[in-house]
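need a 3D model of the sequence below.
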Amino acid sequence: IIQYKSMQKLLLALCISCALAHTFFPVPLTVTEGTTRVEIKEITANINSPSDMAETLWDRYKGIIFYKNAAPTTGSTLQMNVRVNSATEELTIDTSVEYHLTFTSTKIDIEADTVYGLMYAFETLSQAIDFETNTYVATNLNLEVQDKPRFKWRGLMLDSSRHFLPISAIKRQIDAMSYMKLNTLHWHLIDAVSFPIESKKFPELANKGAYGPDYKYSHEDVKDLIAYAHARGVRIVPEFDMPGHSGFRLGRPDIVVNCPGYTHNVNNIPLDPVKEETYTVVGGFLNEMAELFDDIYMHLGGDEIVYGCWSEMAEIQNFMRDQGMKNIREVENYFFQKLFKTFNGKTLVFWQEVFQNDYIEKPANVVFHSWITQDMLGQIVKAGYKGLLSGGWYLDKQIPGNPTHYLWGDTWFNFYDNEPTKGLDLTAEQEALILGGEACQWGEQVDESCIDERIWPRAGGVAERLWSPKSITNHLDAQRRLEVQRCRLYRRGINAFPLRPGPPCQMKQFNFLYFITQTILKKK
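Predicted coordinates for the structure are as follows:
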């Protein structure tokens, strides 16, 4: 009994500290907070910005902060002073998103380098305010936040080849990304099972490769999505996987190889590297996509090539003999070198297999994407290349890492613990070559009906690891904040699943505190 009462007191103290602490997700670079509480009826904004986008951002976030239909009946009117230093609305991997926020019982001050930093400041502000009974409240004032991300590239990969994802579903993920301060949508557009992206140069690719006429992305769809994403601080980097996983086989079967011993798996059938028509089609298509997608980066895959399929082709064996090639991996080098001559203008990203092929002559500015382990990421940056990590951040895996969890949703712990630099023994220069990483949602068992809950809030474990300081590692505190963030996502139209038992999100935001006080502390 004595031990149980002691545990009650400990949990009560823990809950009080939880209630007093901020619930920001991801954790900002530095946070200073007090204990003052203020009721808020309205925020009036004085925005000093050379970009009109600042006013648009505030219009959006007013609706997010004051999310109840009924107007508050009590509280103060706070003055918010905003200063944006740069007129740029250009969004690149190097765009500064640094901001400084101070929040007292009488006013709010925000200074940001760019409108994208202002957007993140508004997101942090929205997480400092909640609704209680008949008014909005902010606690922990006076509050000061100085913030910028740890990594430049904070991404989510979506696969809309295995299952077609409507633009509306992709936009929901972009919304959630902006709330989680992720800035890169890696869009895996084509694969062996479908080719849903329209090509005006080669219309047969989507006409024959999409699941149907209603399951294609037009150029207008892509432009609309890019504009929508930019307004939320998200870059779109398309991926067109090649020479393996070739979706080109559907619309242009004449440019893939014929290897009867490997046809049991369509992923095994790569492009034909010895046909000139292959480069006419693929190079022309990529140049078309380079004009459509505005980001400087483009992902060309390069993973899981089945060399045995190429080896089975007499034409390729004859080509190798004529070229003096001794190893089938030299054919892959030939493919990419020839492709590079027909397509240019983008900085290319490849999965790690291209890095691992010593026969490939690699451009100096290429980015390699490690999808298995941190060790490979270490090898990439030690070789002088820029790198991305997705190893340990595959959202589709039942067991993405150790330990194994009884509840599937708890795999977010694995993502949270997946420190990109762990055990790599890097110099400061080598660590600077790590651009960041991505959570990957492959689409074999995911479509519009379930994509929200498959990704959110688990991808928050990746988001905090990529944004927050390396020292932020406390599981209990992260869980407390992630549960609150899940409710924010749910209120904002993202069907994120709950992590623990508790009241509905609309009833009480601090569900962790409620659950402990109403269950464990009330036990006899």
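
so Tyr406 is in which element?
For Tyr406, there is no enclosing helix or strand under DSSP states H and E.

run a quick neighbour tally on it.
If you count neighbours by other C-beta atoms under 10 Å, Tyr406 ends up with 5. C-beta coordinates here come from the backbone N, C-alpha and C atoms, glycine included.

tell me the pLDDT at it?
Turning to Tyr406, the model gives it a pLDDT of 90.

now Lys346
Note on Lys346: pLDDT of 95.

mind listing what's buried along stretch 288-300?
Across stretch 288-300, burial judged by 16 or more other C-beta atoms under 10 Å covers 288-290, 292-295, 297-300.

just stretch 361-368 next, same as before
Buried, per 16+ other C-beta under 10 Å, within stretch 361-368: 362, 366-368.

now for these, which pair is the farthest apart?
Put simply, by C-beta to C-beta the two of the buried residues of stretch 361-368 set farthest apart are Lys362 and Val367, 10.5 Å from each other.

picking up where we left off before, closest to Glu239 out of the buried residues of stretch 361-368?
Checking the buried residues of stretch 361-368 against Glu239 by C-beta to C-beta gives Val367 as the nearest, at 12.1 Å.

quick check: phi and psi at the residue nearest to Met298 when sequence neighbours are not counted.
Leaving out its chain neighbours, the residue that sits closest to Met298 by C-beta to C-beta, 6 or more residues apart in numbering is Lys346, at 4.1 Å. The phi/psi pair for Lys346 (degrees, to the nearest 10) reads phi -130, psi 150.

and the spatially closest residue to Ser161 that is not a sequence neighbour, what does it touch?
In this structure, Ser161 finds its nearest non-sequential neighbour in Asp191, 3.7 Å apart by C-beta to C-beta, 6+ apart. Neighbouring residues of Asp191 by C-beta atoms under 8 Å, 6 or more residues apart in numbering: 159, 161-162, 241, 245, 247, 267.

pLDDT-wise, what's the bottom of the residues you listed?
Minimum pLDDT across the contacts of Asp191 falls on Asn267, with 86.

ok, the residue lying closest to it once chain neighbours are set aside to Ile174 distance?
Spatial nearest neighbour of Asn267, chain neighbours left out: Ala192 (4.7 Å); criterion: C-beta to C-beta, 6+ apart. When distance is defined by C-beta to C-beta, to the nearest Å, Ala192 is 26 Å away from Ile174.

kindly report the same for Gln337.
To Ile174, Gln337 is 36 Å away according to C-beta to C-beta.

neighbour count: the two, which is higher?
Ile174 (22 against 11).

show me what contacts the more buried one?
Ile174 makes contacts with 185, 225, 228-229, 232, 234, as judged by C-beta under 8 Å, 6+ apart.

which among these end up buried?
Of these, these count as buried by 16+ other C-beta under 10 Å: 185, 225, 228-229, 232, 234.

among those residues, which are located in strands?
Per DSSP state E, strands hold the following members of these: Leu185.

now Phe164, nearest residue through space, not along the chain?
Per C-beta to C-beta, 6+ apart, closest to Phe164 is Tyr215, 4.2 Å.

that neighbour: neighbour count?
Tyr215 has 15 neighbours, counted by other C-beta under 10 Å.

how close does it get to Gln173?
Distance from Tyr215 to Gln173, counting by C-beta to C-beta: 18 Å.

which of the buried residues of stretch 288-300 fall within strands?
With strands taken from DSSP E, the overlap with those comprises 297-300.

return the closest of those with respect to Phe131.
Proximity of those to Phe131 (C-beta to C-beta) peaks at Tyr297, which lies at 40.2 Å.

look up which residues are beta-bridged to that closest one.
Here Tyr297 sits in beta bridges with Thr347, going by DSSP bridges.

circling back: okay, the buried residues of stretch 288-300 in CSV with pLDDT and distance to Trp310 next?
Listed next are the buried residues of stretch 288-300 as CSV, based on pLDDT from 0 to 100; distance: C-beta to C-beta, whole Å:
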residue, pLDDT, distance to Trp310
Glu288, 97, 27
Met289, 97, 25
Ala290, 97, 27
Leu292, 98, 30
Phe293, 98, 29
Asp294, 97, 34
Asp295, 98, 31
Tyr297, 98, 28
Met298, 98, 24
His299, 98, 22
Leu300, 97, 18
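
now the residue nearest to Ser161, which residues is it bridged with?
Legend: beta-bridge partners of Asp191 under DSSP bridges are Ser194.

and the residue nearest to Phe164, what's its pLDDT?
At Tyr215, pLDDT is 98.

what helix or strand is Leu489 located in?
In this assignment (DSSP H and E), Leu489 forms part of helix 475-491.

same for that helix, what does it pack against?
helix 115-127, helix 167-179, helix 412-417, helix 460-467, helix 511-518 (3 or more C-beta pairs under 8 Å, 6 or more residues apart in numbering; DSSP states H and E).

longest strand in this protein, by residue count?
Ranked by residue count and defined by DSSP E, the top strand of the chain is strand 36-48.

report the buried residues of that strand.
So strand 36-48, judged by 16+ other C-beta under 10 Å, has buried residues 38-40, 43, 45, 47.

now these in JSON lines, with distance to Asn140?
Below are the buried residues of strand 36-48 laid out as JSON lines (distance: C-beta to C-beta, whole Å):
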{"residue": "Val38", "distance to Asn140": "10"}
{"residue": "Glu39", "distance to Asn140": "14"}
{"residue": "Ile40", "distance to Asn140": "14"}
{"residue": "Ile43", "distance to Asn140": "17"}
{"residue": "Ala45", "distance to Asn140": "22"}
{"residue": "Ile47", "distance to Asn140": "25"}
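
where does the prediction get shaky in the chain?
For the chain, the stretches flagged by pLDDT under 70 are 1-20, 506-524.

quick one: residues contacting Asn48.
81-84.

now, those that are in strands?
Among the contacts of Asn48, the residues falling in strands (DSSP E) are 81-84.

would you list those in a markdown table and tack on neighbour count?
Listed next are these as a markdown table, based on neighbours: other C-beta atoms under 10 Å:
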| residue | neighbour count |
| --- | --- |
| Asn81 | 14 |
| Val82 | 21 |
| Arg83 | 15 |
| Val84 | 25 |
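
possible to save those residues as TSV with distance to Ile328?
Formatted as TSV, these follow (distance: C-beta to C-beta, whole Å):
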residue	distance to Ile328
Asn81	64
Val82	59
Arg83	59
Val84	55
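
what's the closest of these to Arg488?
Val82 (21.8 Å).

hmm, that closest one is touching Thr44, no?
No. Contact criterion C-beta atoms under 8 Å: Val82 and Thr44 do not qualify, at 11.2 Å.
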